[in-house]
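how would this look folded up:
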Amino acid sequence: MKSGLFLIMFLSSGLFNLYAQKKSVVEINGRLSVKGTHLVNEAGVPIQLRGLGSHGLQWFWNCYKDGLAIKSMGEKWGADIFRIALYVREEGYLSNKFITKENFRARVDSLVDDCEAAGIYCIIDWHVHLPGDPNIDLNAALEFWDIMSKKHAGKKHVIYEIANEPNDDDEFKKFNKTVDWPVIKTYAEKVIATIRKNDTSTVILVGTPHWSSLGLHKGLKWESIEQNRLTDPKVMYVFHFYAAHIHHEVQFAAAAKKLPLFVTEWGASGWQSDSKNNLDSARRMLQIMRENKVSWCFFNWSDKDEVMAFFIPKTCTPGQTFDPLGTRLTESGILAHQFLNIPADSFGVTPVSIQNKIAIPSTLHKPIRKISATSKALPQKLHDNKNNKPEFYNVQGEKVGQSSPKN
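Numbers count the residues shown, from 1 in each chain. Next comes the predicted model:
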């Protein structure tokens, strides 16, 4: 009798675990919202999402185009969310000679669908970079967000990011002024009003001064944003950091207790392609984000020949399945993979003693399907290749041109 009861309990436990494993992050958390300083799930519980971000869709479409990459992110790499970076300029949405705006939007739509199928969240990122004043392309932004918010309204897994990195760089010399918070806020109010006509529920992320540093890179005070907030209740403010260059741990931690923040882009390196990783600085920032439940996306899931890339060059080839057991990563990619999985997602069920400590290994290891305290992995030699040149593909996967990547 006891053995039979044990067998029933064992089988029941196995079926429960199998069911639990099948539930995706979106199934667990549902529609997202903002409460106080936190991103919250449909039950109103503060959560932290951890994920990955694309590089420019115009340069590295082979890393995303067939759905296998997004599927693997959710099933094998441990990502909760994927950020879709649609560059506005820099051979992007408004300036590419080979890819039409309609084709770019089709790429975004296909990745939104892939994320839905994979059960992970996604961010549609209007990637303002150069020029840095988002008002320069305001009309294009209003048109884009009107289209996107009509198409994706009501989708639980979608988030909108309306200005990646506002900054003072103005290559067109149209706006001879500092792109401070009031300038960004004016832009954001117009775009948010357009979105809310079509979609009243989706969380909106707004970039902040000086490359989304809350103005800290320029010596400004983050409190200027807190004291002049946007009125929309489902808005969060964007912060970016690259651990090898700028260290704002104290100010960032203080801001996270007053403002709803989302780190949509970070790297363990500096922002230059040839910089080195700073593990200690990255660990401190990740700990602050963990303690304050600040969600993040690592930049970038691509095979560009740079320290910030996830994969080594020439990884994104036809037929690539992106299986962690057979994919070669850069040093940054190995770090990001470990950060995605240590500790495991809790969403309110993991003991606090485990939640609040991040054990980052002192040595780097090969990517593994499941990271645990007893996992054994062999060191991986990092590779480099200087001949990685990005190519342009249309949404059907046909090559239509080639150029040089930018950061």
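
Can you give me the buried ones in stretch 146-156?
Of all the residues in stretch 146-156, those buried under the rule 16 or more other C-beta atoms under 10 Å are 147, 148, 149, 151, 152, 155. In this view, the C-beta of every residue, glycine as well, is placed from N, C-alpha and C.

wait, which of those is closest to residue 226?
residue 149 (26.7 Å; C-beta to C-beta).

Surely that closest one is in a helix?
Yes - assigned with DSSP: H, G, I helix; E, B strand; the rest coil, residue 149 falls within a helix.

doesn't residue 192 make contact with it?
No - with contacts counted by C-beta atoms under 8 Å, residue 149 stays clear of residue 192, the gap being 10.0 Å.

Now the buried residues of stretch 146-156 in TSV, please, with extra columns for pLDDT and distance to residue 24.
Below are these laid out as TSV (pLDDT from 0 to 100; distance: C-beta to C-beta, whole Å):
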residue	pLDDT	distance to residue 24
147	98	27
148	98	23
149	98	24
151	98	22
152	98	18
155	98	14
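
what two of the residues you listed are the furthest from one another?
Longest span within these, C-beta to C-beta: 147 and 155, 14.3 Å.

Helices along the stretch 201-350 of the chain, start to end?
In the stretch 201-350 of the chain, the helices defined using DSSP state H, counting those that start in this stretch lie at 209-212, 223-226, 249-256, 279-291, 331-341.

Can you tell me which of the ones you listed is most buried?
Counting by mean count of other C-beta atoms under 10 Å, helix 209-212 has the highest mean neighbour count of the helices of the stretch 201-350 of the chain, with a mean of 25.

Packing partners of it?
Secondary-structure packing of helix 209-212 (3 or more C-beta pairs under 8 Å, 6 or more residues apart in numbering; DSSP states H and E): strand 235-242.

Contacts for the strand it packs on, please.
34, 39, 161, 163-165, 188, 192, 203-208, 211-214, 225, 229, 248, 252, 255, 259-267, 269-271, 275, 285, 294, 308 (C-beta atoms under 8 Å, 6 or more residues apart in numbering).

Now residue 43: closest residue in space, sequence neighbours ignored.
Closest residue in space to residue 43, ignoring its immediate chain neighbours: residue 30 at 7.5 Å, by C-beta to C-beta, 6 or more residues apart in numbering.

contacting residues around residue 278?
Contacts of residue 278 by C-beta under 8 Å, 6+ apart are 243, 244, 268, 269, 270.

what does residue 260 give?
34, 36, 37, 38, 39, 235, 236, 237.

Also residue 57?
Counting by C-beta under 8 Å, 6+ apart, residue 57 has contacts 64, 84, 85, 86, 87, 92, 104, 107, 108.

Now do residue 346 against residue 41, distance only.
Applying C-beta to C-beta, to the nearest Å, the value for residue 346 to residue 41 is 12 Å.

same thing with residue 191?
Distance from residue 191 to residue 41, by C-beta to C-beta: 25 Å.

Using CSV, write down the CA coordinates of stretch 78-95.
Provided in CSV are the C-alpha atoms of stretch 78-95 (Å, rounded to 0.1, in the frame of the first residue of the first chain):
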residue,chain,number,x,y,z
GLY,A,78,16.0,31.8,-20.0
ALA,A,79,14.8,35.1,-21.5
ASP,A,80,11.5,36.6,-20.3
ILE,A,81,11.5,39.5,-22.8
PHE,A,82,12.9,40.5,-26.2
ARG,A,83,13.5,44.1,-27.3
ILE,A,84,13.0,44.8,-31.0
ALA,A,85,15.3,47.6,-32.0
LEU,A,86,13.9,49.5,-35.0
TYR,A,87,16.6,52.1,-35.8
VAL,A,88,15.0,55.3,-37.0
ARG,A,89,18.1,56.6,-38.9
GLU,A,90,21.5,55.0,-39.5
GLU,A,91,20.3,52.9,-42.5
GLY,A,92,17.1,52.2,-40.6
TYR,A,93,13.4,52.9,-40.9
LEU,A,94,13.7,56.4,-42.5
SER,A,95,16.9,56.1,-44.4
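
If we go by neighbour counts, what in it is buried?
Buried, per 16+ other C-beta under 10 Å, within stretch 78-95: 78-93.

Between the residues you listed, which sits nearest residue 302?
residue 85 (9.8 Å).

I'd say the closest one and residue 55 touch.
Yes - look at residue 85 against residue 55 with C-beta under 8 Å: they come within range, at 6.5 Å.

list residues touching both of the two?
Joint contacts of residue 85 and residue 55 (C-beta under 8 Å, 6+ apart) are residue 300.

What segments of the stretch 251-400 of the chain are strands?
261-267, 295-301, 391-393, 399-402 (DSSP state E, counting those that start in this stretch).

Out of those, point me to the one whose mean pLDDT is lowest.
When the strands of the stretch 251-400 of the chain are compared on mean pLDDT, strand 391-393 scores lowest, with a mean of 44.

partner residues bridging the residue nearest the centre of the chain?
Compute the mean C-alpha point of the chain, and by C-alpha atoms, centre = their mean the closest residue is residue 297, 3.0 Å away. Judged by DSSP bridges, the bridge partners of residue 297 are residue 51.

what's near enough to touch residue 48?
Per C-beta under 8 Å, 6+ apart, neighbours of residue 48: 39, 289, 290, 293, 294, 295, 296.
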